[in-house]
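K.L.:
Kindly generate the corresponding structure for this input.
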Amino acid sequence: MSRAIGSVLLLLLTACATPAGQIPKEDFAWETAELPIGYQAGFRNLRQAFQTCPGFVAEGDLYTDLGEGRLTVYLAQGFPMSGRTDFVAGKVELQKKDDARSVITLAVQHIYDKPTFGPPGKMRGQWKRWASGNFDCS
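P.N.:
Got it, this is the predicted structure:
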């Protein structure tokens, strides 16, 4: 019975989710930093980490002609966390600075940047470490 109720609640919440492109910029906590790694390697690192670490699913594209990569990060659903919900947790953009460095812009929705999910900035810090090649999921 409780499983059925949980499924109905998840369905209702998912139906109310705002599409990624329609979430206002002010709904996110933003951070920009320079990484000592190229944008393509950073993008691959992020994809690998999001596939390995539970909780989130990242979808996006690498635009080599523009020298950038963009990911939208969604809350995961199912087991083994392979599916995604329509709830956007954040966004990550990587831009080429030169062949060995890139600029990463991280955005986490304010609701996921609250103490319930750890200290403010924890998620952005974790994603930045993942981009640099540190795949620690904790």
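K.L.:
Name every strand pairing with whatever helix or strand residue 31 lives in and say which way it goes.
P.N.:
Following DSSP states H and E, one finds residue 31 within strand 28-35. With DSSP bridges as the test, strand 28-35 is paired with strand 101-109 (antiparallel).
K.L.:
for the partner strand, which positions count as buried?
P.N.:
Going by neighbour count (16 or more other C-beta atoms under 10 Å), the buried part of strand 101-109 is 102, 103, 104, 105, 106, 107, 108, 109. For the C-beta atoms, the positions are set from N, CA and C on the backbone; glycine is no exception.
K.L.:
C-terminal to that strand, what's the next element?
P.N.:
Criterion used, DSSP H and E; the element after strand 101-109 is helix 122-132.
K.L.:
Quick check: closest non-adjacent residue to residue 42.
P.N.:
residue 131 (4.1 Å; C-beta to C-beta, 6 or more residues apart in numbering).
K.L.:
Next: residue 30.
P.N.:
Among residues not flanking residue 30 along the chain, residue 107 sits closest, at 5.1 Å (C-beta to C-beta, 6+ apart).
K.L.:
Please name the residues that touch that neighbour.
P.N.:
25, 28, 29, 30, 31, 90, 91, 92 (C-beta atoms under 8 Å, 6 or more residues apart in numbering).
K.L.:
Tell me, how many residues neighbour the second one?
P.N.:
I take that to be residue 28. Using other C-beta atoms under 10 Å, residue 28 has 20 neighbouring residues.
K.L.:
same check, this time on the third one
P.N.:
Summarising burial for residue 29: neighbours were counted as other C-beta under 10 Å, giving 18.
K.L.:
Correct me if wrong: it contacts residue 108.
P.N.:
Yes. In this structure residue 29 lies within contact range of residue 108 using C-beta atoms under 8 Å: 5.2 Å.
K.L.:
residue closest to the middle of this protein?
P.N.:
residue 73 (3.2 Å; C-alpha atoms, centre = their mean).
K.L.:
Surely it is in a strand?
P.N.:
Yes. Under DSSP: H, G, I helix; E, B strand; the rest coil, residue 73 sits within a strand.
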